[in-house]
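Engineer: everything below, folded, please.
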Amino acid sequence: MKICYLLSAWFLLSIGTASLSIASDNSKTIDYHRAQWDPIHFSPVIDSATNEQCLACHQEILQRQVLTASPAGVKADKTLAWYQTLETYEGPQETFHRRHLVTPYAKKIMDMKCTTCHQGENPREEAPIPPNVNNTRLTLRKQVNPKICLMCHGKFPDPQRMGLPSPWNESREMFQNNCLLCHVAVRTHRHQVNFLKPEAIEAEGKKNSDVCYGCHGGRQWYRISYPYPRHEWKGMPEKTPEWAKDRPTESNPRFLTKQQRAQK
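Structural biologist: Numbers count the residues shown, from 1 in each chain. Got it, this is the predicted structure:
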């Protein structure tokens, strides 16, 4: 077993030194196999990879277009998905990556990077086709940690925790359709992560509550809500509620801003 690990490490190092690293220079053509094992696809190189370096090979993800009609013949421009009913959804339907990276709204409130979601991909951990070759069982790993998606696509939190009689889409008029009516003084330390633009979110949230609701239930893909860290805020109660006792008090170190890292 140790020999296998040593050979694997030697192979990665030899590939990294013998080939021209994608992370440093894309001026030369690299065959697919060498590119697949390039150091940029593994930690620690991927931790500092830029969008430009990723898109040098994966540009097609921004060039893809949505289908004009479903396989059943339903026209895309004649239908609305539930998430398109939010006022903050601009324009026609877009592909997943374009909606997160290059659309006007994404650029306004987010600072998403390829490495925000993708943390590398080890071909050894992918399922082979066919799935079982010579009785060798490989683990099918997710290319993206679902918890990252859950942060912005989770269920609206339990209304009772916030003193709401029902979910926001049902009780919003009781609160003047304004999330900041209460949150101007409650949980005021928010959105301080390196893939969001907190100042822009706060400014847009004052104009339209769908900016807040969009990421807190309005674009729900999961049946659970994300357990956001309870960063300390001014006037925070000393006693931690029962439901929050297992909540972290700081964001994942990977998502800290440069200023937060400097303070550590």
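Engineer: and the gap between residue 49 and residue 154?
Structural biologist: Distance of residue 49 to residue 154, computed by Cβ to Cβ, to the nearest Å: 27 Å. Every C-beta, even on glycine, is put in place using the N, C-alpha and C of the backbone.
Engineer: quick one, which of these two is more surrounded?
Structural biologist: Here residue 49 and residue 154 are compared on neighbour count by other Cβ atoms under 10 Å; more neighbours surround residue 154, at 22 against 19.
Engineer: go ahead and confirm that one touches residue 219.
Structural biologist: No: counting by Cβ atoms under 8 Å, residue 154 sits too far from residue 219 to count as a contact (9.3 Å).
Engineer: mind listing what residue 221 touches?
Structural biologist: Shown in contact with residue 221 (Cβ atoms under 8 Å, 6 or more residues apart in numbering): 149, 153, 154.
Engineer: over to residue 182?
Structural biologist: Here residue 182 is in contact with 162, 163, 175 (criterion: Cβ under 8 Å, 6+ apart).
Engineer: what of residue 85?
Structural biologist: Applying Cβ under 8 Å, 6+ apart, no residues contact residue 85.
Engineer: measure it to residue 210 for me?
Structural biologist: Counting by Cβ to Cβ, the gap from residue 85 to residue 210 is 9 Å.
Engineer: on that earlier part again, drop anything exposed from the contacts of residue 182.
Structural biologist: Buried residues within these, counting neighbours by 16 or more other Cβ atoms under 10 Å: 162, 175.
Engineer: out of the contacts of residue 182, the closest to residue 181 would be?
Structural biologist: Nearest to residue 181 among these: residue 175, at 5.3 Å, using Cβ to Cβ.
Engineer: separation between the closest one and residue 148?
Structural biologist: Using Cβ to Cβ, residue 175 is found at 30 Å from residue 148.
Engineer: check residue 162 too.
Structural biologist: 24 Å.
Engineer: ok, residue 243 next?
Structural biologist: 23 Å.
Engineer: neighbour-wise, which of those two wins?
Structural biologist: residue 148 (18 against 12).
Engineer: what's the helix or strand for that one?
Structural biologist: helix 146-153 (DSSP states H and E).
Engineer: again with residue 155
Structural biologist: For residue 155, there is no host helix or strand (DSSP H and E).
Engineer: compute the number of surrounding residues for residue 116.
Structural biologist: Residue 116: 20 neighbours (other Cβ under 10 Å).
Engineer: need the nearest residue in space to it, chain neighbours excluded.
Structural biologist: With sequence-adjacent residues excluded and distances taken as Cβ to Cβ, 6 or more residues apart in numbering, residue 116 is closest to residue 195, at 4.6 Å.
Engineer: which residues in the stretch 1-150 of the chain form helices?
Structural biologist: 2-18, 32-36, 51-58, 60-63, 96-101, 104-109, 114-117, 146-153 (DSSP state H, counting those that start in this stretch).
Engineer: looking at these, which is nearest to residue 184?
Structural biologist: Among these, helix 104-109 sits nearest to residue 184 (Cβ to Cβ), with 18.5 Å.
Engineer: who's in contact with that closest one?
Structural biologist: Taking Cβ under 8 Å, 6+ apart as the rule, helix 104-109 contacts 88, 89, 90, 99, 100, 112, 196, 197, 200, 201, 204, 211.
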